[in-house]
Every structure is written in structure tokens, then in C-alpha cells.
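K.L.:
take this sequence and fold it.
(2 chains)
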2 protein chains.
Amino acid sequence: MSAPDGKPVLIDTLAIVGVGLIGGSFAAALKKAGVVRRVIGAGRRPENLQKACELGLIEQAVTFSQAASESDLIFLATPVGAFESILAAMRPALKPLAVITDGGSTKQDVIAAARTALGAQAKQFVPAHPMAGSHETGPAAAKPDLYQGRRVILTPLPENRAQDVALVESLWRACGARLLTLEPAEHDAAMACISHLPHWLSSLYMQYVATGPQPELRMEIAAGGFRDFTRIAQSSPEMWRDIFIANRASMLQEIATFRAQLDRAEQALRDEDAQWLEHMLDEASRARQGWSGA
Amino acid sequence: MSAPDGKPVLIDTLAIVGVGLIGGSFAAALKKAGVVRRVIGAGRRPENLQKACELGLIEQAVTFSQAASESDLIFLATPVGAFESILAAMRPALKPLAVITDGGSTKQDVIAAARTALGAQAKQFVPAHPMAGSHETGPAAAKPDLYQGRRVILTPLPENRAQDVALVESLWRACGARLLTLEPAEHDAAMACISHLPHWLSSLYMQYVATGPQPELRMEIAAGGFRDFTRIAQSSPEMWRDIFIANRASMLQEIATFRAQLDRAEQALRDEDAQWLEHMLDEASRARQGWSGA
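P.N.:
Residues are numbered from 1 along each chain as shown, chains lettered A, B, ... in the order given. Next comes the predicted model:
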């Protein structure tokens, strides 16, 4: 069997579990690339599944058990806190050669959940994390080019079959993503620093303003700096609750280290240490200007 | 004398002191609106003055003393730390009916500087703060529509002449801005919260990443959240050094209050208090989604 452009179909039946931005975009990208024959969807919210059907992201809504029994590849894209119970529900019906992968933002916690829920079958689970997202959520936000040019980090397990890891890599390449392999702990520490801490600060700041004095006046005079700094505070509360808790150890470490930076800066401000402040601002400005990412 | 569209020229000679984004855009907007006949420029950087001449933002580069003796309106748009010495240099040559205004991000400190430098002539100084800016700086970044639809906050002095305040208001209206009047202390507290604290956190975070472990790997995998959260860390180090020091008292107050929020959240994370975290994230998300600004 071949896709219209001659590329071989890699996956006969793909199950998307959690048909929102991340799951829907994965399905859309793989369909567009012609590497998957059939896409089914499962999830906790019937209205999202129906919407995903209407949008053509999935062809059929199924139960977790059906998803397990019918699929060759299962992509988990719910908030990470739900992985363990979903995997436990799927385990009895899993095809022995099916590959499971995910789009979760944390990896040590997700791997522990997979080992608990799947036991020896955890070898079928190839953990991954696409570095793409949006404050927009749900199936309507899904788009086939979400992963184009984006980093996807794989943190394979020692017991994964090499061909299963290669399959997951091929699928992400078909989405246009660029691959990187890290140790799970290294992934989680890097994420705590480069993604979770900004979300933490942005959300805490936004709530601080909203619940502080004169919120109407203050938000009325807020400008472009506020707009960009707080954009990510709009993100899904449930998803970020799960990420913070799942990556708690790395987050607490990051928070402690960043607090030392805040303390040092507060002391410099108290001392009117213009030289320290300008040096800090200059290092920050140069580093950001030198960044060539997203 | 009338502008081409029949509106009266309000200002014969306008001096822009500091011909960067803020000063250059003010000149460009007023010229476009036809409310100023002649624009001259002064500043500390000859290369910026030359560039502003080439770009047509100013017609002539002059000394601070010439700017004082020839101008009917003087707009201060250098970093606020330079205001006192510049006003002191201009004072001996100031026309008695000239109006001085500014674009500085802090007001109590700027007013104190004006009183020190100008003495009784501080009554000619009408303090203002346009809520517009960019991480792009310098005359090349100036544009006539920078202030279109933006808030400009006036914090007039008790001794200001009413007609001088009215003139400054007319000019900002001619730039397309929307006006708001606040007490200087109220302005500074609101700015510390809604503008200066985000800049503080964004810059400290950016420097923290750049000087921490594996900065290349971490910035390599950074995505859109990082991009927006750190955009303002690119801003002018000199300008923000001056703002933080000028607004030190309000900033230290904000930092202390926000620290209590950080402490509370850290405790919730340590306790795995999912309910507290979701409530906080939900309040933040709703508040940001309800914001209709910039």
C-alpha cells in the first residue's frame, strides 16, 4: 500500500488519545504526509471527539479499549496526569506489536506512569515531547503544520525495540519535526528551566495583577510588554497543573536557583547598584538578541 | 499659519531631546499631523542626531542650550537618569513661555529632578508618559503611528499653567493617543506593577538561562512561550537600569508583594496541592483572556 506520492504507509491504524491541539495536529500532519491509513480517536470529552470527527481529524470515536485493540500506533496527547489510568484501561487489549508514544511535556513522571500501568509491556512505549504548542487548545486549533521545523525530543527506554524508536522518529520526521534524543532526567531539568519556569512566572504574575489593587486601571494602561509576558498565562489550567506537579522535583530545583537570582537583583536595586543592574540587563539583552529560535 | 489640511499649527519650534524611538516617533507624528512647523533635535549621541537628520525626523541638530533658546516646546526622551543634568544645562536659555514635557517611564523621580534643575521654572514642566515602546530602539525605529490608540498618562504639577497642560494634551491627541491623568505616586505604583515588574522578571530570567547550565541546549529547544516571555529582555539596558533605579521605592514594594505570591505557590507545589494550583492557573487564564488591551 502506498500514499498518493509513492511514500509507503507506515501505520495502518493510528489512535489519537486526547484529540486537542497536540493530538489533532499529529493526526493532521501524518494524514497530510500520507503515512497513515486510518485515524481513530479516544478521549475523556465526548464533545471534543465529536468536533474532531466533524473536522476530519479522526474518522471514528472509540473507547480506550477499542483504541488499544485496533491500533498499530497509539499517541497519548491528554494532560499527563491522565496517562496512567488511560494506559491501565488500554493494557488488556493492546496489540503485542503496537507502539505507544506521547506528546507529554514531562518525561520521568510519564515513564513511571507507563511502567506502573503497563508492566513488561512498557517496552512498547517510546516517550517523546514535541516542542510546539499554543495557548489555543482543542481540536479546532489543530493544524497539519504545527510541528513543521519544531524540535521533538525523544527519551527512549532501555527496553524499547530499536525498530519502534525508529518508527516514532520516522513519523515525527514526516510531520516536519527535527529530532533530538535526551535522557529523561536531562529533558525534565531542561524543560523546567526553558518552558515550565516561564509559564510559572507568567501565570503567577497574571493572577497577582488580577487579584491586586486597581486591576482595571492597571490592565487598562498595560501595553505590549505586558501582552507578550502574559500570553502564556492563557494556557490550559488543567494541562499546566499536571505539568507542574509531574515535574515538581525539577521545578522546585529551578525555583530555588532562580530565587537566588531574584535575591541578588533585589539587593542590587536596594543598593542602587547601577553597574550590577546594567551588566545584568546587558547580558540578558545580548543573550535574547542572539537567540535564533522559534 | 495653517497645516495643509487647515488645522492650526500649535507649535512653532519643537525640540526633541533624545532622538530615539520615543522622541523620533513624537516628532514624526506631530509633523504628519501638521501641528508643528519646525523640529530640532539635541542629544548625547552625535551619531543618533545625524541619523535622525538623515531620516527627516529633525531638521537640525543643536546643543542643549540652543534647544532651550529656540524652542516653544521641548520633549525629553532620553533615559530618565539624564533628565536632571540636561534640564540644568537648558535652564539658563529657556524661553519663559516654553513648555517642557517628557516621555519618561517614571514620574516622581522625574518631577524631583525637574524641581532640582529648574527651580521655580519647574512650572513650565508638564510630566507625561506614553504607554508605547518597543525592544527596538534608536531613530531608525521611530514611526508616526507609534502612539495611535495608545494611552498617554499625564501627571501635572500643581503649579502648571492650565493652558500648558491643555497644549500637551492637544499634542498627544494629535498623535492619536488616549489621555489619562494620574497622581505621580499612583502612576509609579501602577507602572511598577504592570510594566516594570514584567521587565524585571523577563530580564532576570533571560540572564539566568544564559549564565546557567547548558544554555546552548536549552535555548535550542526553547519554543514560543520562551520567545514571548523574553521579548522585552531585549530592551535597552541603559534605559531600564534608569527606570528601575528611578522607580526603586515602588519596585521594591512590588517585588516584596510578588514574592509573597511566589512563596505561596512554591508551598502549594511542594504540597502537591493540585486544587490551589488549578485555581491560580484558572484565575490567571481568565484574567488574561478577558484583557482587551494592546
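K.L.:
all contacts plus neighbour counts: C-alpha atoms, from now on.
P.N.:
Fine.
K.L.:
for the stretch 51-200 of chain A, what lies in contact range of chain B?
P.N.:
Contact residues (Cα under 8 Å from any Cα of the partner chain) of the stretch 51-200 of chain A with chain B: A:M131, A:A132, A:G133, A:S134, A:R151, A:A190, A:M191, A:C193, A:I194, A:S195, A:P198, A:H199.
K.L.:
quick check: domain ranges of chain A?
P.N.:
Following the assignment in automatic domain parsing, chain A carries domains at A:11-182, A:186-289.
K.L.:
the residues of the stretch 51-200 of chain A next to chain B in helices, which ones?
P.N.:
Using DSSP state H, the members of these that fall in helices are A:A190, A:M191, A:P198, A:H199.
K.L.:
nearest to B:N48, of these?
P.N.:
When those are compared for distance to B:N48 (Cα to Cα), A:P198 wins out at 35.2 Å.
K.L.:
re earlier: dump the residues of the stretch 51-200 of chain A next to chain B to JSON lines, plus pLDDT, neighbour count and distance to B:G43.
P.N.:
Formatted as JSON lines, those follow (pLDDT from 0 to 100; neighbours: other Cα atoms under 10 Å in any protein chain shown; distance: Cα to Cα, whole Å):
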{"residue": "A:M131", "pLDDT": "90", "neighbour count": "23", "distance to B:G43": "45"}
{"residue": "A:A132", "pLDDT": "85", "neighbour count": "23", "distance to B:G43": "44"}
{"residue": "A:G133", "pLDDT": "73", "neighbour count": "18", "distance to B:G43": "45"}
{"residue": "A:S134", "pLDDT": "71", "neighbour count": "18", "distance to B:G43": "43"}
{"residue": "A:R151", "pLDDT": "93", "neighbour count": "22", "distance to B:G43": "46"}
{"residue": "A:A190", "pLDDT": "96", "neighbour count": "23", "distance to B:G43": "44"}
{"residue": "A:M191", "pLDDT": "95", "neighbour count": "23", "distance to B:G43": "44"}
{"residue": "A:C193", "pLDDT": "97", "neighbour count": "27", "distance to B:G43": "41"}
{"residue": "A:I194", "pLDDT": "96", "neighbour count": "25", "distance to B:G43": "39"}
{"residue": "A:S195", "pLDDT": "95", "neighbour count": "21", "distance to B:G43": "41"}
{"residue": "A:P198", "pLDDT": "98", "neighbour count": "25", "distance to B:G43": "37"}
{"residue": "A:H199", "pLDDT": "97", "neighbour count": "25", "distance to B:G43": "40"}
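K.L.:
would you turn the domains of chain A into JSON lines with distance to B:A113?
P.N.:
Converted to JSON lines, the domains of chain A look like this (distance: least, Cα to Cα, whole Å):
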{"stretch": "domain A:11-182", "distance to B:A113": "43"}
{"stretch": "domain A:186-289", "distance to B:A113": "17"}
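K.L.:
where does pLDDT dip in the stretch 1-150 of chain A?
P.N.:
A:1-8 (pLDDT under 70).
K.L.:
and for the stretch 151-294 of chain A?
P.N.:
Scanning the stretch 151-294 of chain A for pLDDT under 70 picks out the ranges A:294.
K.L.:
which residues in it form strands?
P.N.:
For the stretch 151-294 of chain A, the strands defined by DSSP state E, counting those that start in this stretch cover A:151-154, A:178-181.
K.L.:
among those, show me which one is buried the most.
P.N.:
strand A:151-154 (a mean of 24; mean count of other Cα atoms under 10 Å in any protein chain shown).
K.L.:
and for that one, what are the contacting residues?
P.N.:
For strand A:151-154, contacts defined as Cα atoms under 8 Å, 6 or more residues apart in numbering or on different chains pick out A:126-132, A:172, A:177-182, A:187, B:221.
K.L.:
go with 10 Å
P.N.:
The contact list for strand A:151-154 (Cα atoms under 10 Å, 6 or more residues apart in numbering or on different chains) reads A:101-103, A:105, A:107, A:126-132, A:165, A:168-169, A:172-173, A:176-184, A:187, A:294, B:220-223.
K.L.:
kindly report the same for stretch A:45-64.
P.N.:
Counting by Cα under 10 Å, 6+ apart, stretch A:45-64 makes contact with A:14-20, A:23-29, A:31, A:38-44, A:67-70, A:86-91, A:93, A:138-140, A:142-144, all of which sit outside it.
K.L.:
let's see it at 6 Å
P.N.:
Residues outside stretch A:45-64 that contact it (Cα atoms under 6 Å, 6 or more residues apart in numbering or on different chains): A:G24, A:A28, A:V39, A:I40, A:G41, A:A42, A:M90, A:P139.
K.L.:
just give me the longest helix of chain A.
P.N.:
helix A:248-270.
K.L.:
for that helix, list the C-alpha coordinates in PDB.
P.N.:
The C-alpha trace of helix A:248-270 is given here as PDB (Å, rounded to 0.1, in the frame of the first residue of the first chain):
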ATOM      1  CA  ARG A 248       7.700  19.000  40.600                       C
ATOM      2  CA  ALA A 249      11.200  17.900  41.600                       C
ATOM      3  CA  SER A 250      12.900  19.800  38.700                       C
ATOM      4  CA  MET A 251      10.600  22.800  39.200                       C
ATOM      5  CA  LEU A 252      11.400  23.100  42.900                       C
ATOM      6  CA  GLN A 253      15.100  23.000  42.000                       C
ATOM      7  CA  GLU A 254      14.700  25.700  39.300                       C
ATOM      8  CA  ILE A 255      12.600  27.900  41.500                       C
ATOM      9  CA  ALA A 256      15.200  27.700  44.300                       C
ATOM     10  CA  THR A 257      18.000  28.600  41.900                       C
ATOM     11  CA  PHE A 258      16.100  31.400  40.200                       C
ATOM     12  CA  ARG A 259      15.200  32.700  43.700                       C
ATOM     13  CA  ALA A 260      18.900  33.300  44.300                       C
ATOM     14  CA  GLN A 261      19.000  35.400  41.200                       C
ATOM     15  CA  LEU A 262      15.900  37.400  42.300                       C
ATOM     16  CA  ASP A 263      17.500  37.900  45.800                       C
ATOM     17  CA  ARG A 264      20.800  39.100  44.300                       C
ATOM     18  CA  ALA A 265      18.900  41.600  42.000                       C
ATOM     19  CA  GLU A 266      16.700  42.900  44.800                       C
ATOM     20  CA  GLN A 267      19.900  43.600  46.800                       C
ATOM     21  CA  ALA A 268      21.400  45.500  43.900                       C
ATOM     22  CA  LEU A 269      18.300  47.600  43.500                       C
ATOM     23  CA  ARG A 270      18.200  48.300  47.200                       C
END
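K.L.:
so is it next to chain B?
P.N.:
No: using Cα under 6 Å from any Cα of the partner chain, helix A:248-270 stays clear of chain B, coming no nearer than 6.6 Å.
K.L.:
next, the angle from that helix to helix B:248-270.
P.N.:
Taking axes from the mean of the first three to the mean of the last three Cα atoms, to 10 degrees, helix A:248-270 and helix B:248-270 form an angle of 170 degrees between their directions.
K.L.:
quick one: buried residues of helix A:248-270?
P.N.:
Buried residues in helix A:248-270, defined by neighbour count with 16 or more other Cα atoms under 10 Å in any protein chain shown: A:248, A:250-252, A:254-255, A:258, A:261-262, A:265-266, A:268-269.
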